[in-house]
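1. I'd like to go over a predicted model; first the sequence, then the structure.
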Amino acid sequence: MDEHHYKVERQLAEVMPKAARPQKAGASFDLRLYFRQDDTGYRWAEVAFLDTSDGHKIIDHMPLKGDDVVPWFFGQIAERGYELAVELKKDK
């Protein structure tokens, strides 16, 4: 795993528990997605986790370099999200 992937995994481990909202059967997260392209054609994405209890304040945002990182990143969100769903669900 390269340094960028490690940093993103570390950020997700910190921010997702803060952004999680317990639900009856799991957890939910409010995300804001940004897709960008500069004048040279270079594309990147950015994901921001929102704290909806505080007026949609951005807790943290993570830039994603290049198209190939986006599917990997959302896989990481899903993996961590399912773990938190079990931990946080209200009907345990």
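-> Perfect, I can see it now.

2. give me the helices and strands touching the helix of greatest length in the chain, please.
-> Identified as the longest helix of the chain according to DSSP state H is helix 69-88. For helix 69-88, the packing partners by 3 or more CB pairs under 8 Å, 6 or more residues apart in numbering; DSSP states H and E come out as helix 3-19, strand 21-23, strand 26-28, strand 43-51, strand 57-65. Every residue, glycine included, has its C-beta placed from N, CA and C.

3. what lines up beside the second one in the sheet?
-> Sheet partners assigned to strand 21-23 using DSSP bridges are listed as strand 26-28 (antiparallel).

4. out of the helices and strands packed on helix 69-88, which comes closest to residue 84?
-> strand 26-28 (4.8 Å; CB to CB).

5. and residue 14, what is it in contact with?
-> residue 60 (CB atoms under 8 Å, 6 or more residues apart in numbering).

6. for residue 22, give the beta-bridge partners.
-> Applying DSSP bridges, one finds that residue 22 bridges with residue 27.

7. distance to residue 88 for the helices and strands packed on helix 69-88 - can I get that in CSV?
-> Converted to CSV, the helices and strands packed on helix 69-88 look like this (distance: least, CB to CB, whole Å):
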stretch, distance to residue 88
helix 3-19, 8
strand 21-23, 4
strand 26-28, 4
strand 43-51, 15
strand 57-65, 16
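
8. quick one, which of those is nearest to residue 90?
-> Of all those, strand 21-23 comes closest under CB to CB, at 5.3 Å.

9. which residues does the closest one contact?
-> 27, 28, 29, 30, 52, 53, 85, 88, 89, 90.

10. what residues sit buried inside that strand?
-> Neighbour counts over strand 21-23 (16 or more other CB atoms under 10 Å) mark residue 22 as buried.

11. low-confidence ranges, this protein, go.
-> Along the chain, the model assigns pLDDT under 70 to residues 1, 4, 91-92.

12. give me the residue at the spatial middle of it.
-> The centroid of the chain falls nearest to residue 77 when counting by CA atoms, centre = their mean (5.4 Å).
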